[in-house]
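1. This is a predicted model, with the sequence first.
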Amino acid sequence: QSSTSGSRKSSNPSRIPSASPRDRELAAATATAAAAAAKATIADAAAPAVAAAPAATEPSPTAAAVPAAAPAARASPTSRLMDERAEDEAGIAVFQVVEHEEEAATARAAIDDPGSTTRLVIPEATINSSMLRPLSPGSQLHLEACLTTVAEAIEVLSKTCSSMGQIASSLATYSNSYVYKGKIRSLQDAASTTAGHAALLLGDVVAVCGRKASGSADGILGQAEKLQQDLVAIQGQLDSAIEQLQLGAAAQASCSESAPVNPQLTQQQKQLASTAALDNCLRSIGATYAALLGRSYKESAATAAQFLLDASAISKGWSEAAAAESSAAAGAVLGNAIGAGAVATKVLKLGDCAMKRLRNGDVYKGRYHGCRKNGDGSYFFTNGDVYEGDFKDDRMSGSGVYSFSPEGRYVGDWFNAAYEGHGSETFSRGSTYHGQYAGGLRTGWGVCRFYNGDYYEGYWGLGVRDGCGMQQCMDDSNFVGEYKKGKRHGYGVYSFPNGDQYLGEYVDDIPQGSGIYLFASGQKYQGNWDKGKKHGWSIYTVETGQQWAGSWVEGKPQWVHPLTQQDGQHEAQDAPAEVKDNLSSAFAACKNAQEAGKLALAKLTGHWDSAGEVQQNLTGALSGATQASARAQAARQRAQVLAARLDAAAMLVQSSRSAQMKLVTSQLNSVKLVSDGGSKRADSVDQQGNAIAG
């Protein structure tokens, strides 16, 4: 308005005089045709109802808290509606694409109307053909890297199947080591997870090839399909090997009903049950998969950015150019071309689908129903995160895949923008989780593989280990028992790498209360514990069977007394009263430790009972996570196809708009000629007429 009124002063008045009112009227009249083709405003918007997720943090095997909650909604329903009204008032340029021929005639007639929201008629076949673009050299390199990674994983899985067969055939000859049980279970999880992730990576490679022009990706597609066949064969071998392991473990359990022992593992056992190669495969697959997704998302984001270029930025740039030339008439042309007031953003509509940039900068490509995101869609956060899957009333709900940039991804069930039900998490450094969720956190039964190779299976509460569970560590230590808020708390059995074993009570992750410590040498301590150290009364047994009653302080004996067998009692007939009192306290502490050991042993045997509650719940949770992953991947594929169609339509619209941009530029140039003086005015009018005709 200030430009057209002539109130704004020139930055260099000696060079370019201000345009007269007649000049401004002439420029405004000649810009009408360009304005009709270059601008369209309509009150059609939806406020950003999905907030950017917090930065994902890969869980630590020793941390009390594991993952952050899933991204939650930013605004309440009431505030969302207020945001929508505010955005409606700002105005949005809408480019509506019509696909079907029966709608074409009506749409073409409406194009000439400056108030129409239809700006391009594109047949459906044209959109489909535009989706098939040639495979670029950079994309080919990424896909070849994916195939190499999968081929290496298949080779490692083949060796793992052979190792599992050797383990199964030798289980009956080994002692009932619970550390070995834990290592075998960890091996099974690592192998199954590696095979699953390799299959997902191959599936994405095949999907990318399917979206490329015919012939440009045939070589990559053929290799991927061959690897898929090899992976199916390996998966069959893996299933058979795991079944043999389970049968061997059951036979071993039936042969050993004695108290748990913890013999040190042989070097062969350690090598056969090692997960180092599989963990490296998981990390490699994670990095390759992240690179593939990153490239795909960048290409899609670039298409959206080119189309959804902020019109207010264009307005600002052109306004500054007009001000530099001190041309009020140029401002008039710009005002008519862009429209009354700066356009906040632009929208591409394709049937019930749309591509739009929200007010917080995020981009959504997907279906709308009732002015809200409903159905399949892809949501691109400004921080690089991407969600692909189901939406309901502007919220991520149903099934979908959330990719953290660049940490990893979540695949599974959603409700109201939070993880809910069953799902799986994968982080780029190798951490994985499969199981149950509630309110965006791991809650229920689940299995977690930490990035350092540690493995946990059991119950979770509010994102941390909470309840009964088993953790197998890379240093060959193992704990089975109770957890509370991420720490060992309650009764449990800890098996040390050197063959020692503790059975008893834990408080805040350390032995506290009563417990039994079995040394690999044959010695045994039964008594009281405080802050992880032997502290209080106890009965200590040495390798020869000789027992000593004693009192300990911070791990060191302060008073000891040898015991002898007389009438079934560990008491000397002629012992002083003080000694008898001390012995009575030691016997009581020993009895309490034995009771605590029995409760801890019950947790241990209950966990490994194949027909027990723990294993049945874990099996159900893993089965649910597998099914949820399949649903989420299907939803993701639907969202990707829809986003590809919108991208193709956007590129077609953008190419048609380039001519309109040139037209507006020519109008600005002609206005500059008008402002230079009356001698050039007639020539500029002729040029404007030629530009409009063109």
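-> Noted; the coordinates are in hand.
2. could you point out where the stretch 351-500 of the chain is predicted with low confidence?
-> Within the stretch 351-500 of the chain, no stretch falls below the threshold (pLDDT under 70).
3. Send me the strand or helix carrying residue 387 as CSV with only the CA atoms.
-> Assigned by DSSP states H and E, residue 387 falls within strand 386-392. Extracted in CSV, the C-alpha atoms of strand 386-392 (Å, rounded to 0.1, in the frame of the first residue of the first chain):
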residue,chain,number,x,y,z
VAL,A,386,9.6,-38.6,9.7
TYR,A,387,6.4,-40.5,10.5
GLU,A,388,4.8,-42.6,7.9
GLY,A,389,1.5,-44.4,8.7
ASP,A,390,-2.0,-43.9,10.0
PHE,A,391,-3.5,-40.7,11.3
LYS,A,392,-6.8,-40.1,13.1
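4. ok, which stretches of the stretch 101-250 of the chain are helices?
-> Remark: helices assigned in the stretch 101-250 of the chain by DSSP state H, counting those that start in this stretch are 101-111, 124-131, 137-170, 178-210, 218-255.
5. which one of these lies closest to residue 417?
-> helix 178-210 (23.7 Å; CB to CB). Just so you know, the C-beta spots here come from the backbone N, C-alpha and C atoms, and that holds for glycine as well.
6. In the protein, where is pLDDT below threshold?
-> Ranges of the chain meeting pLDDT under 70: 1-124, 172-176, 249-262, 309-345, 565-575, 656-694.
7. so who does residue 265 touch?
-> Each residue near residue 265 by CB atoms under 8 Å, 6 or more residues apart in numbering is listed here: 177, 179-180, 183, 476.
8. can we see that at 7 Å?
-> Residues in contact with residue 265 (CB atoms under 7 Å, 6 or more residues apart in numbering) are 177, 179-180, 476.
9. Show me what the residue lying closest to residue 546 once chain neighbours are set aside bridges to in the sheet.
-> The shortest distance from residue 546 to any non-neighbouring residue, by CB to CB, 6 or more residues apart in numbering, is to residue 562 (7.0 Å). Judged by DSSP bridges, the bridge partners of residue 562 are residue 548.
10. tally of neighbours for residue 180?
-> Neighbour count for residue 180, taken as other CB atoms under 10 Å: 27.
11. Against residue 268, how distant is it?
-> Between residue 180 and residue 268 the distance, using CB to CB, to the nearest Å, works out to 11 Å.
12. try residue 596
-> In terms of CB to CB, residue 596 sits 35 Å off from residue 268.
13. Of the two, give the one with the bigger neighbour count.
-> residue 596 (21 against 11).
14. Are we agreed that the more buried one is in a helix?
-> Yes. Per DSSP: H, G, I helix; E, B strand; the rest coil, residue 596 lies within a helix segment.
15. Could you check how far it is from residue 524?
-> Remark: distance between residue 596 and residue 524 (CB to CB) = 14 Å.
16. try residue 351
-> For residue 351 relative to residue 524 (CB to CB), the value is 75 Å.
17. Looking at these two, which one has more neighbours?
-> Using other CB under 10 Å, the more surrounded residue of residue 351 and residue 524 is residue 524, with 18 against 14.
18. In contact with that one: list those residues for me.
-> Residue 524 makes contacts with 516-518, 541, as judged by CB under 7 Å, 6+ apart.
19. before we move on, the earlier item: out of the helices of the stretch 101-250 of the chain, nearest to residue 510?
-> Ranking those by proximity to residue 510 (CB to CB) places helix 178-210 first, at 20.0 Å.
20. so the closest one versus helix 137-170, what angle?
-> 150 degrees (axes from the mean of the first three to the mean of the last three CA atoms, to 10 degrees).
21. Tell me the buried residues in helix 178-210?
-> Within helix 178-210, the residues scored as buried using 16 or more other CB atoms under 10 Å are 178-202, 204-206, 208-209.
22. Stretch 302-309 now?
-> For stretch 302-309, by 16+ other CB under 10 Å, it's 303-304, 307-308.
23. Nearest to residue 603, out of these: which one, please.
-> Among the buried residues of stretch 302-309, residue 304 lies closest to residue 603 (CB to CB), at 53.7 Å.
24. Quick check, that closest one in contact with residue 354.
-> No. Under the criterion of CB atoms under 7 Å, residue 304 is not in contact with residue 354, lying 11.5 Å apart.
25. what's the distance between the residue nearest to residue 546 and residue 388?
-> For residue 562, the distance to residue 388 (CB to CB) stands at 72 Å.
26. cool, and residue 382?
-> 17 Å.
27. okay, those two: which has more neighbours?
-> Between residue 382 and residue 388, counted using other CB under 10 Å, residue 388 has the larger neighbour count: 29 against 12.
28. Double-check the more buried one against residue 378; I have them as touching.
-> Yes. Between residue 388 and residue 378 there is a contact at 4.8 Å, judged by CB under 7 Å.
29. surely residue 187 meets residue 275?
-> Yes. The pair residue 187 / residue 275 is scored as a contact, 5.5 Å apart, by CB under 7 Å.
30. What is the burial count for residue 221?
-> So residue 221, with other CB under 10 Å, has 18 neighbours.
31. if I look at the closest residue in space to it that isn't next to it in sequence, how far off is residue 150?
-> In this structure, residue 221 finds its nearest non-sequential neighbour in residue 209, 4.1 Å apart by CB to CB, 6+ apart. For residue 209, the distance to residue 150 (CB to CB) stands at 14 Å.
32. got it, and residue 549?
-> From residue 549 to residue 150 the distance is 63 Å (CB to CB).
33. repeat for residue 170
-> Applying CB to CB to residue 170 and residue 150 gives a distance of 31 Å.
34. higher neighbour count, these two?
-> Set residue 170 next to residue 150 and count neighbours by other CB under 10 Å: residue 150 wins out with 26 against 13.
35. from what I can see the more buried one touches residue 198, true?
-> Yes. At 4.9 Å, residue 150 and residue 198 qualify as touching, with contact defined as CB under 7 Å.
36. Most widely separated two among the contacts of residue 265?
-> Distances among the contacts of residue 265 were taken as CB to CB; the most separated pair is 177 and 476, at 10.0 Å.
37. Which one's more surrounded, these two?
-> Neighbours were counted for residue 177 and for residue 476 using other CB under 10 Å; residue 177 has more, 22 against 19.
38. what helix or strand does residue 610 sit in?
-> Secondary structure assignment for residue 610, by DSSP H and E: no helix or strand.
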